[in-house]
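# What follows is a predicted structure for the sequence shown.
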Amino acid sequence: MPRQPEHPDLDDVRLDRLFFALGDRARLRIVSVLCDRAEHSREEFDVAVGPSTLSHHMKILREAGLTRHRYEGTHCRISLRADTLARFPAALQGALEALAAERHEEA
């Protein structure tokens, strides 16, 4: 069974790290999927990157304190951290609004 990944304590989550994590379009798309507050597997994210790049993006989101990763056997389940969202509610909302505006402009 894989070892459970480490997550930063809420006291160690910093706004600058959150903004860095949300500053990449692929990571922002991952977070937009997770906004339904459910757990998702890696296969559920529609980002045009290879598996190792996806793993890198997932690591940045986890280390920034945005996501929680939990293994079920060999499958990793990913969700947003409610405690981080409660501490920084406007950060995620602003980033997702910017993504929605970009998608609207592209359409």
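Noted; the coordinates are in hand.

# excluding its backbone neighbours, what's nearest residue 19?
Closest residue to residue 19 apart from its sequence neighbours, by CB to CB, 6 or more residues apart in numbering: residue 91 at 6.8 Å. In short, each C-beta sits where N, CA and C put it, glycine included.

# For the one helix or strand the one you found maps to, give me every contacting residue.
Element membership for residue 91 (DSSP states H and E) is helix 89-106. Applying CB atoms under 8 Å, 6 or more residues apart in numbering, the external contacts of helix 89-106 come out as 15, 18, 19, 22, 25, 28, 29, 31, 32, 35, 66, 85.

# my guess is the fourth one meets residue 30, correct?
The one in question is residue 22. No - between residue 22 and residue 30 there is no contact under CB atoms under 8 Å: 10.1 Å.

# Please say which of the two ends up with more neighbours.
residue 30 (26 against 22; other CB atoms under 10 Å).

# What sits closest to the more buried one if chain neighbours are left out?
residue 45 is the one closest to residue 30 (CB to CB, 6+ apart), at 5.1 Å.

# how many neighbours does that neighbour have?
20.

# Give the phi and psi angles for it, as a check.
With angles defined as degrees, to the nearest 10, residue 45 shows backbone torsions of phi -100, psi 120.

# Isn't it up against residue 33?
Yes - Residue 45 lies in contact with residue 33 (CB under 8 Å); the separation is 5.7 Å.

# re earlier: could you flag which of the contacts of helix 89-106 are buried?
Neighbour-count burial (16 or more other CB atoms under 10 Å) applied to these gives 18, 22, 28, 29, 31, 32, 66, 85.

# The residues you listed in helices, which ones?
By the criterion of DSSP state H, membership of the buried ones among the contacts of helix 89-106 in helices covers 18, 22, 28, 29, 31, 32, 85.

# Distance from the chain centre to the lowest-mean-pLDDT helix or strand in the chain, please.
Ranking every helix and strand in the chain by mean pLDDT, DSSP states H and E puts helix 89-106 at the bottom, with a mean of 78. Helix 89-106 sits 14 Å away from the centroid of its parent chain (CA atoms, centre = their mean, to the nearest Å).
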